[in-house]
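# Here's a sequence, model it:
(chains A, B and C)
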Amino acid sequence: MLDRPGAATGPARTGGIRMFILRRILQGLLVLVLVSIVVFAATQALPGDPARAILGRTATPASLAALREQLHLNRPVLDQYVTWATGLLHGDAGTSLAAQEPVAKLLGDRFINTAFLLLCSGLISIPLSILIGAYAALWRDRPFDVATSLITLVFAALPEFVVGVALVVLFATTVFHFLPAITLIPPGGRPWEQPIALILPTLTLVLAVTPYVVRIMRASMVEVLESDYVEMARLKGLPERLVLRRHALPNALGPTFQVIAINLAYLAGGVIVVEYIFNYAGIGGALRDAVANRDIPVVQALAMSIAGLYVILNLLADIATILVTPRLRTRL
Amino acid sequence: MADEPSSMPGDPKDTTLSRRRLLINTGVVVGGAILAGPLAACGTSSSTTGPSAAASPKRGGSFRLGVTGGGANDIIDGQNIVTKPDQARLVAGFETLLEYDEDYKLQTTGLAESVTQDAPDQWTIRVKQGITFHDGKTLSADDVIYSLRRILTGSEGLFGNAGLMSVDPNNMTKMDDRTVRLKLKQADSTIADQLGQYYNGVVPVGYTRSGPQNGTGPYKVQSFNKGQQSVHVRNANYWRSGQPYFDQVTVIDFPDPSAQVNALLSGQIDAMTDIPFAQITVVKAHGGLAVLEGNGAGWLPLCMAIDMPPFDNNDVRQAFRLIADRNALLQQVLSGHGRVANDLYSPFDPAFDSSLPQRHQDIAQAKALLKKAGRENMVVDLHTTDGAAGMVDSANVFATQAAAAGVTINVHNDPNYYGDQYLKLAFSVDFWGTRNYLPQVANGSLPTAPYNECHWPPKGSNYVSLYQQALAEVDTGKRADIIHQMQKLEYDQGGYIIPFFNNLVDAYNTKVQGFRVSKATLNLDSFGHGFRTIWFA
Amino acid sequence: MSVVTPVVSPVLTPEVMSSRRPTGALLRSALGLRRTQIGFGLVLLIVAIAFIGPLVAPHGANDFVGTPNTPSVPGALFGTDHIGQDVWSRFLHGGLTILALAAAATGLGLTLGVAVGLVAAYSRNVLDDVLMRIMDVILAFPQIMLALVAIATVGPNPATIILAVGLTTMPRVARVTRGAAQPVVERDFVAAAEAIGVPRFRILLSEIFPNVLSPLLVEGSLRLTYAIGVIAALAFLGFTTNPGSADWGLMIQENYIALTVQPWGVVLPVAAIALLTVGTGLVGDGIARAAAGIDRSRGAA
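Residues are numbered from 1 along each chain as shown, chains lettered A, B, ... in the order given. Coordinates of the predicted model:
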């Protein structure tokens, strides 16, 4: 999907922005259908007995038999897929094997919690990294650029659990004590009701994501600043400020959007580690737990929603790229 | 036995305990009446003996407990648990007929006023007067019968089922409103023991897991989110006067013990279970926090299945037992927080045979035995999982020790160990809590036991018949003799390598008063007896 | 490790990738850059520790040397770990596994990705669309999530880790390869080779493949970085291949709990992994910059 702007140069690929968006939406839907088949097939292939996995150490033959009976694990596979897929379309993700509760009920709060954490991280890291990256490119090889390059290199190299633990030690438990070490969201409560507890997990994610976007933004801005049309604009005698805002920035943002979209989607997966460190009640913990419990409906729901998020973000990024990048828009 | 748990050097309290225990033990079966105590004082007796007895208990406050583990498979059930947080949730809402005290002695401080063995195969239970369930209903004989019947219903899959097998569900008679007579299918002297296990809680007639959580316990469930937390509110009509003290108790699941410690350090929880040993110094150095180290008898056995190669040869089993450097295992795996064991479980049982010689590491002898068995330089897989703290480390340290005897052990840490392979493995690690000998045998060392990792006993052994005799024997002395024979069999031929008994090490904020050091099976002095004997200063 | 998983490499826009250039010259020019030199130095250092470490370690990886979790123990330079083993010795022993796993996984991902990318670019028909949509499907799963599911299912053995990380590396490599190969495919020399009847797979290997090598070098170093990261993160979450063996990823997981008491058990492996990551990053960066430089000079010429 990311190569779309480049590929959009082909002769057969013209037809206006609307056609382009429509085509991208259809492609996204196709990918989602394929993903659903893969998810379903993969989770069906999970070896092991869910009943045993759920009851764990305390399982007895009698309780196993009772649970297996309850789970109806013996229907034909195709039958199960159709039921599952239609259920999904109606917003019904089935019943958790481990919790014996509807998946939607089990994951509803957790989705909101994770989404809010990602939103906060995105809202901070995106403008921040675009700004830093753009300035680094503008002041290329000057102290700011060198410093940025070094710092981003180090933070990109540090595992986020190290960053997270270091932040906890620094601000919550050992050096200072003014921030909560973990995020306790009471059931039914919302993460924004206790913004203080969100600071450390958000900061960890921001530090994990920003360095890479900064580097991409810088690279792409450097590229654009050296391009013919920026040169042309300058030669035409446009003020530098206008050149930057009208010509350089929009064109540099294109590739950056792609990377941001990918990074946000990947946050949804990588948030697993951060949620673990902060005991944050999000989908990361649910995934770990569901995998350990062989809780197939929950694994399926989580995989589908993460994949769905990826597809949607990519779609948005592609559309944003087309809209924001003048040279691509004119080619359509 | 040099390292018999109750004679730990440097702890004078323990020696007195063991003497007291002996005295009590000799008097248990006088007149066949096992446990009938004066009850007038029981409402207050257990709550005022804490180390902080100087401060009198105060009402109020919201107590937050962090428990290691838990997940979407959490349950609340008056008679069952799946995960560790379930234990805390169970004891907050439900109580047993008998209770173990801090010396692991059975007492009638629970719901029963007396539990009597009238004959080898007949027991009579009489419950206290005026105890009510959360919904206001008075506890009666019917509830006791319903509770036992529920445990005995195999399809319920309840933990206590194996231990109460000799109770006949169709032969429980209501003598009067508060009295039940049990006619057993076979003689069984361990019924009282079973009635004291925390998971054999008393539930009201008609109770189901999915129905209202209605117990006699100090707290009622207000909300429960699996894998996250449960909130319990004070039971205003609780039968022990004055108790409980907190207005509210919150039990929070923590998959990561580090997050748990961090939450305690930053004051987001008031107590936590199972503090990682590495963090003990951190917590002790932190003002306002304290460590509670219970001296229970949990154990992490290495289990050799006696009917699977290479362990179907007793020489190999003995060699492996001689490979273990128990003290090194204790120091490395538990940082010393436990006592060395001798391949036998249930050290608090009055019938525990402490005269059997302590096994020590003897690599030369182990090598000789392996040579005799034709298993020199053998390679074997050892399966473990993060089921309880220390299970993976035990396997790794033992594997290192085995290398000295020329044995190569490949350790496998499988996240789905209890799902796919449990009880089917030749060599594995497991975990157990404190339990007396015969109840433990019913759970783990009989052909009918649900968790028999070692596939004990061997074919042709008289172990099972000894077990039946022990159950039928009402004379404690004679029963102890039979139990000694059983333990000797396990000591000589068994499949367990039991290197140590581990202490339960928990931590709490010192604003919480009333925690006591105990031999309880459950963490934090059985969670402060279901959160009723602890309070905020 | 870092969750960010880039798909396009910096500076690798189609314009940069479109020209045919000798890989040797590119590498030489990259090595002239100071960042590449530092990067290579770091990578060499860590690789040297991994290979030579086991030979010079003062203790065996599983020797018990003192009280667990103690920073100052006589005879143990960096103290003891969670079960009283020598942290320094375990560090010296522990590099090979993670390096080998990461290298194998990246190698697998590169091989598969290059194959898919080249075939997709060269096919110029519906096969291109099919292959790339399949790559999209794989891309839709975060690398760590897929690895987590695979490992929790099959068990944490080396093959599973290599397969899971390798397969999730494939689509990213495939995209870069395809992007780099597409302009090459349209070139005259490809048409000429086809005209004189050179077999298509020969054209792929001898004409097209050399032209995508330099973006692949950059991509490869980046992928290696992320493979190391994912494997370390899996270890942190408790999924490692051989419990008990010395392994940097495992060391982090085992000693993370004692971080505030005995930091070395975590700091040493984290530092090694971070230096390795910085090193490969710098090398990739250097190559990318050299490529851009070559292009610019060519454009000027």
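# which regions of chain B lie under the pLDDT threshold?
B:1-55, B:419-420 (pLDDT under 70).
# And the residue of it that's closest to chain A?
Going by C-beta to the nearest C-beta, chain A is nearest to residue B:157 of chain B, at 2.1 Å. All C-beta spots, glycine's among them, are computed from the backbone N, C-alpha and C.
# Just read off the phi/psi values of that residue.
For residue B:157, the backbone dihedrals are phi 60, psi 40 (criterion: degrees, to the nearest 10).
# show me the contacts for it.
Taking C-beta atoms under 8 Å, 6 or more residues apart in numbering or on different chains, we find residue B:157 in contact with A:55, A:59, A:60, A:62, A:63, A:64, A:66, A:67, B:80.
# can you pull the contacts of residue C:141?
A:269, A:303, A:306, A:307, A:310, C:168.
# Please flag which of the residues you listed sit within strands.
Using DSSP state E, no member of these sits in strands.
# Using pLDDT, spot the least trustworthy of the residues you listed.
Within the contacts of residue C:141, residue A:269 has the lowest pLDDT, namely 60.
# Of the contacts of residue C:141, just say which sits nearest to chain B.
residue A:303 (15.9 Å).
# Find the nearest non-adjacent residue to the residue of chain B closest to chain A, please.
Nearest residue to residue B:157, sequence neighbours excluded (C-beta to C-beta, 6 or more residues apart in numbering or on different chains): residue A:63, at 2.1 Å.
# which SS state does residue A:230 fall under?
helix (DSSP: H, G, I helix; E, B strand; the rest coil).
# again but with residue B:455, I slipped
The three-state assignment at residue B:455 reads coil, by three-state DSSP.
# What of residue B:303?
Following three-state DSSP, residue B:303 is assigned to strand.
# how about low-confidence regions in the stretch 51-200 of chain C?
Judged by pLDDT under 70, the stretches of the stretch 51-200 of chain C that qualify are C:152-153, C:155.
# the longest helix in chain A is where?
helix A:103-138 (DSSP state H).
# how about it against chain B, any contact?
Yes: interface with chain B: helix A:103-138 contributes A:106, A:109 (C-beta under 8 Å from any C-beta of the partner chain).
# Could you point out the helix or strand that follows that helix?
Remark: after helix A:103-138, the chain's next helix or strand is helix A:143-157, criterion DSSP states H and E.
# got the angle for the helix or strand following that next one vs helix A:143-157?
Going down the chain from helix A:143-157, the next helix or strand is helix A:160-168, by DSSP H and E. Angle of helix A:160-168 versus helix A:143-157, following axes from the mean of the first three to the mean of the last three C-alpha atoms, to 10 degrees, is 110 degrees.
# Give me the mean pLDDT for helix A:160-168.
For helix A:160-168, the per-residue pLDDT averages 83.
# quick one: buried residues of it?
A:160, A:161, A:162, A:163, A:164, A:165, A:167, A:168 (16 or more other C-beta atoms under 10 Å in any protein chain shown).
# how many other residues sit next to the nearest residue to the first one once chain neighbours are set aside?
What that stands for is residue A:160. Spatial nearest neighbour of residue A:160, excluding adjacent residues (C-beta to C-beta, 6+ apart): residue A:208 at 4.2 Å. For residue A:208, the neighbour count with other C-beta atoms under 10 Å in any protein chain shown is 30.
# Surely residue A:208 is in a helix?
Yes: under three-state DSSP, residue A:208 sits within a helix.
# Retrieve the pLDDT associated with it.
84.
# Check the gap between residue A:312 and residue A:319 for me.
According to C-beta to C-beta, to the nearest Å, residue A:312 and residue A:319 sit 11 Å apart.
# sorry, that was for residue B:245
Here residue B:245 is placed at a distance of 60 Å from residue A:319 (C-beta to C-beta).
# Give the buried residues for stretch A:303-323.
A:303-311, A:313-315, A:317-322.
# Which members of the residues you listed occur in helices, if any?
A:303-311, A:313-315, A:317-322.
# any idea how far chain C is from the residue of chain A most remote from its centre?
Farthest-out residue of chain A from its mean C-alpha position, per C-alpha atoms, centre = their mean: residue A:62, at 42.5 Å. Separation of residue A:62 from chain C (C-beta to the nearest C-beta, to the nearest Å): 27 Å.
# returning to what we had before: please list which of the buried residues of stretch A:303-323 are also close to chain B.
Restricting the buried residues of stretch A:303-323 to those near chain B - C-beta under 8 Å from any C-beta - leaves none.
# count of neighbours near the residue nearest to residue A:132 when sequence neighbours are not counted?
Once flanking residues are discounted, residue A:132 sits nearest to residue A:214: 4.9 Å by C-beta to C-beta, 6+ apart. Using other C-beta under 10 Å, residue A:214 has 28 neighbouring residues.
# Flag every residue of the stretch 51-200 of chain A that's near chain B.
Residues of the stretch 51-200 of chain A lying close to chain B (C-beta under 8 Å from any C-beta) are A:52-67, A:96, A:98-99, A:101, A:106, A:109, A:165, A:168, A:172-174, A:177, A:179-182, A:184, A:186-188.
# Report the buried members of the residues you listed.
A:52-60, A:62-64, A:66-67, A:96, A:98-99, A:106, A:109, A:165, A:168, A:172-174, A:179-182, A:184, A:186.
# Beyond the host helix or strand of residue B:332, next helix or strand please.
Residue B:332 belongs to helix B:326-334 when assigned by DSSP H and E. As assigned by DSSP H and E, the chain's next helix or strand after helix B:326-334 is strand B:338-340.
# Can that next one be said to contact chain C?
No: in terms of C-beta under 8 Å from any C-beta, no part of strand B:338-340 sits within range of chain C; the closest distance is 13.3 Å.
# Give the pairing partners of that strand; include direction for each.
Sheet pairing of strand B:338-340 (DSSP bridges) gives strand B:500-509 (antiparallel).
# what's the residue nearest to residue A:132 in contact with, if anything?
For residue A:214, the contact set (C-beta under 8 Å, 6+ apart) comprises A:129, A:132, A:133, A:136, A:148, A:152.
# Repeat the analysis, applying 6 Å as the threshold.
Residue A:214 makes contacts with A:129, A:132, A:133, A:152, as judged by C-beta atoms under 6 Å, 6 or more residues apart in numbering or on different chains.
# Take the residues you listed and lay them out in TSV including neighbour count and pLDDT.
What follows is the contacts of residue A:214, written out as TSV (neighbours: other C-beta atoms under 10 Å in any protein chain shown; pLDDT from 0 to 100):
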residue	neighbour count	pLDDT
A:129	26	88
A:132	22	93
A:133	25	89
A:152	22	86
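# Return the residues of chain C in contact with chain B.
Contacts of chain C with chain B, taken as C-beta under 6 Å from any C-beta of the partner chain, map to C:62, C:64, C:68-69, C:83-84, C:152, C:155, C:243-244, C:257-258, C:260-261.
# Let's see that with 8 Å instead.
Looking at chain B, the residues of chain C close enough under C-beta under 8 Å from any C-beta are C:62-64, C:67-69, C:82-84, C:151-153, C:155-156, C:238-240, C:242-244, C:255-262.
# re the thing from before, any chance of the contacts of residue B:157 in a markdown table, plus secondary structure?
A markdown table is the format used below for those (three-state DSSP):
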| residue | secondary structure |
| --- | --- |
| A:55 | helix |
| A:59 | coil |
| A:60 | coil |
| A:62 | helix |
| A:63 | helix |
| A:64 | helix |
| A:66 | helix |
| A:67 | helix |
| B:80 | coil |
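# name the element residue A:41 belongs to?
Secondary-structure assignment from DSSP H and E places residue A:41 in helix A:16-44.
# quick one: that helix to chain centroid distance?
Here helix A:16-44 is found 17 Å from its chain centre; the criterion is C-alpha atoms, centre = their mean, to the nearest Å.
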